[in-house]
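Chemist: kindly generate the corresponding structure for this input.
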Amino acid sequence: MATDKIVQFNSDQQRSEYEKLKREAIGDSAFNLEKKWEVQAERNLRGIELEKTGRIDEAISLYEQNVKERFDGSHPYTRLAVLYNRRKQYDKEIRALKKAVRIFKDGNKGWYFANRLEKAQEKVKKDYIYDRSERKENI
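Modeler: Residues are numbered from 1 along each chain as shown. I've put the predicted structure just below:
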């Protein structure tokens, strides 16, 4: 969404003046949407860095914020599904995938997330059936 070239500012005043002119040029709602997208993209980048350093809970928190705000890119949904799967928190994985399916209902991303959701639900169902049969044998 952000279409500006990278602009270097010498001061906060220069940044403020630039943002004021930009807001006047494109309108408040478009300016606010672009700012929101920039914040969300920065969260994703920060989440990636946190994952690399093993700070998974913090990364999850950032991705969850983006999902809550209905971020329109696939990254936070994919990462949450992967991270929750690794932790065997399948209910949370399925929740993230369901949200992704709602966001990306049309197109390839929608199909991708629907397919992952179906596989996650099948795994949970198989694990449940296996656990029940194992309990019966131990009785």
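
Chemist: quick one: the helices in this protein?
Modeler: With DSSP state H as the criterion, the chain has helices at 12-26, 28-52, 56-68, 75-86, 90-103, 107-138.

Chemist: would you list those helices in JSON lines and tack on mean neighbour count and mean pLDDT?
Modeler: Any C-beta I mention is one placed from the backbone N, CA and C, and that applies to glycine too. Output for the helices of the chain, formatted as JSON lines (neighbours: other C-beta atoms under 10 Å; pLDDT from 0 to 100):
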{"stretch": "helix 12-26", "mean neighbour count": "12", "mean pLDDT": "69"}
{"stretch": "helix 28-52", "mean neighbour count": "15", "mean pLDDT": "86"}
{"stretch": "helix 56-68", "mean neighbour count": "18", "mean pLDDT": "97"}
{"stretch": "helix 75-86", "mean neighbour count": "20", "mean pLDDT": "97"}
{"stretch": "helix 90-103", "mean neighbour count": "19", "mean pLDDT": "96"}
{"stretch": "helix 107-138", "mean neighbour count": "12", "mean pLDDT": "81"}
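
Chemist: tell me how far the most centrally placed residue in the chain lies from residue 56.
Modeler: Centre of the chain computed as the mean C-alpha position; nearest residue by C-alpha atoms, centre = their mean is residue 76, 1.8 Å away. For residue 76, the distance to residue 56 under the criterion C-beta to C-beta, to the nearest Å works out to 14 Å.

Chemist: swap in residue 45?
Modeler: For residue 45 relative to residue 56 (C-beta to C-beta), the value is 16 Å.
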